[in-house]
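**Q** would you be able to build a 3D model of this:
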Amino acid sequence: METDSPRLRLLSLMGAYGFLSGLPLSLTAFTLQNWFTTYGLSVHAIGMTAWLGLPYTLKFLWSGGFDRAPPGVLARLGRRRGWLMVVQPLLAGAALMLALSDPGRSVWVTAASGLAMAFFSASQDILIDAWRIETFPERLQGTALAVYVWGYRGAMVVSTSGVLWLAGGIGWHAALGGMAGLLGAGVVVTWLAPWGGGASVRAVGWRAGVEAAFWLPLRDYLRRERAVWVLAFVILFRAGKVLADGNAAAFYKYGVGFSQHAIAAANLWGWAGTLGGAAVGGWLVLRLGTRRALLLTGAAQAASLGLYLMLLATGPLEPALAAKIVLENFAGSCADMAFLTYLSALCSSAYTAVQYALLSSLAALAFHTLGGVSGYGAEALGYRAFFALTIVASLPALAVMLHLGRSFSRAAESGPAPITGA
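**A** You can find the predicted model right below:
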């Protein structure tokens, strides 16, 4: 029992970090889209909110900076905890700015607050991912990821259904302010977390710093067999889903006619699908291996997008919406477990933080580019043709994985190259 207690404590902290990572994502995407629908903004304008999440795609550009020691007295907390103590209060402050803004008066102030929130959220993700990989032994990485996904998906329920429910009772500003308070509690989680592993990067001169933070990790990855094909898979895996997600809020209200209350209630049921999907996804990885689990869960994720077409057939029937969200969340959570395990396995131990940031940034590329123009696609094609297209857009990634065969695993690891330069 004594040996289990520290492990349970670590896993509890991992779940809390998953919650802190998942909360901001929906606030700047689905929830913000719903807030905008209350002001009657156009479908393409709402779809453009996907661009607010570009920091999630570009986070690899500054991830190497977090490998240095944090400033001042915070260095005593360790590299990851020290930087989190800087980033997390800024994230909570950006969330408070979003809560205090008014899209009816100035949508640009709201958008700027959302962009700042996404930047600090992406920075928090860099540090949490690095802490996870450095803290948990390899045999527990899968378990840590499962707990992380549970916390992450749970936060998405809170920041979608929870906010929509609260907004109906106490108003949008107070509901979003409550989310800012939850994010502010992140510093308590970080204070309770252990130090973690890894030494800070020490480089002499700016060129050596850039090389250590970016070029060496990139070169280590690109020398592997079929590295470009693997990158193509990472970019394409969520393409169909992100096209659909970028239009979900507008579709529910404008395309089918659901009320905000009905959407909130249905999203609350999605929690069951999320938990079940995370558990089944983790089991599939252990049972089938990562490659076969990716193919199976990727196919299920693509098929789940057909549930949008089901809603067009049923109309504003609340049980149908709940069933759609539960099944879609189940398929998406299964796919997330296999996909995140895959990304973690691609990282060399010498460059874990930067390589994971790069790969996860590329994984978000489709959402923060295609997602931004998806509203125009829905307006031009109509919802029926558009959601059929999202299913087709999911297939190229599965074809790439079939092409890769069994050659997708990481290359033989080598130690970090020496840092030189002036």
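**Q** can you give me the neighbour number for residue 226?
**A** Residue 226 has 15 neighbouring residues, counting by other CB atoms under 10 Å. C-betas here are computed from N, CA, C, even on glycine.
**Q** same question, residue 219
**A** When neighbours are defined as other CB under 10 Å, residue 219 has 12 of them.
**Q** pLDDT score assigned to it?
**A** pLDDT, residue 219: 76.
**Q** against which helices or strands is the one helix or strand it maps to packed?
**A** Residue 219 belongs to helix 216-222 when assigned by DSSP states H and E. With contacts taken as 3 or more CB pairs under 8 Å, 6 or more residues apart in numbering; DSSP states H and E, helix 216-222 sits against helix 352-363.
**Q** which parts of the stretch 151-300 of the chain are helices?
**A** 163-170, 172-184, 186-192, 206-210, 216-222, 227-236, 239-245, 248-250, 260-288, 290-304 (DSSP state H, counting those that start in this stretch).
**Q** report the contact partners of the closest residue to residue 341 other than its chain neighbours.
**A** What sits nearest to residue 341 in space, not counting adjacent residues and going by CB to CB, 6 or more residues apart in numbering, is residue 285, at 5.2 Å. Applying CB atoms under 8 Å, 6 or more residues apart in numbering to residue 285 gives the contacts 142, 293, 337, 338, 341.
**Q** try 10 Å
**A** 142, 145-146, 291-294, 297, 334, 337-338, 340-342 (CB atoms under 10 Å, 6 or more residues apart in numbering).
**Q** before we move on, what about residue 106?
**A** Per CB under 10 Å, 6+ apart, neighbours of residue 106: residue 112.
**Q** where does it land on pLDDT?
**A** 77.
**Q** picking up where we left off before, comparing the helices of the stretch 151-300 of the chain by mean pLDDT, which bottoms out?
**A** When I compare the helices of the stretch 151-300 of the chain, helix 206-210 is least confident, with a mean of 57.
**Q** where in the stretch 51-200 of the chain is pLDDT low?
**A** 138-139, 142, 196-200 (pLDDT under 70).
**Q** ok, 90 please
**A** 51-82, 101-112, 114, 126, 129-154, 156-162, 164-169, 194-200 (pLDDT under 90).
**Q** contact partners for residue 404?
**A** 225, 226, 229, 230, 232, 233, 291, 294.
**Q** and these, which two are the farthest apart?
**A** Farthest-apart pair in the contacts of residue 404 is 225 and 294; separation 17.7 Å (CB to CB).
**Q** who has more neighbours, the two?
**A** Neighbours per residue (other CB under 10 Å) separate residue 225 from residue 294, with residue 294 holding more: 26 against 11.
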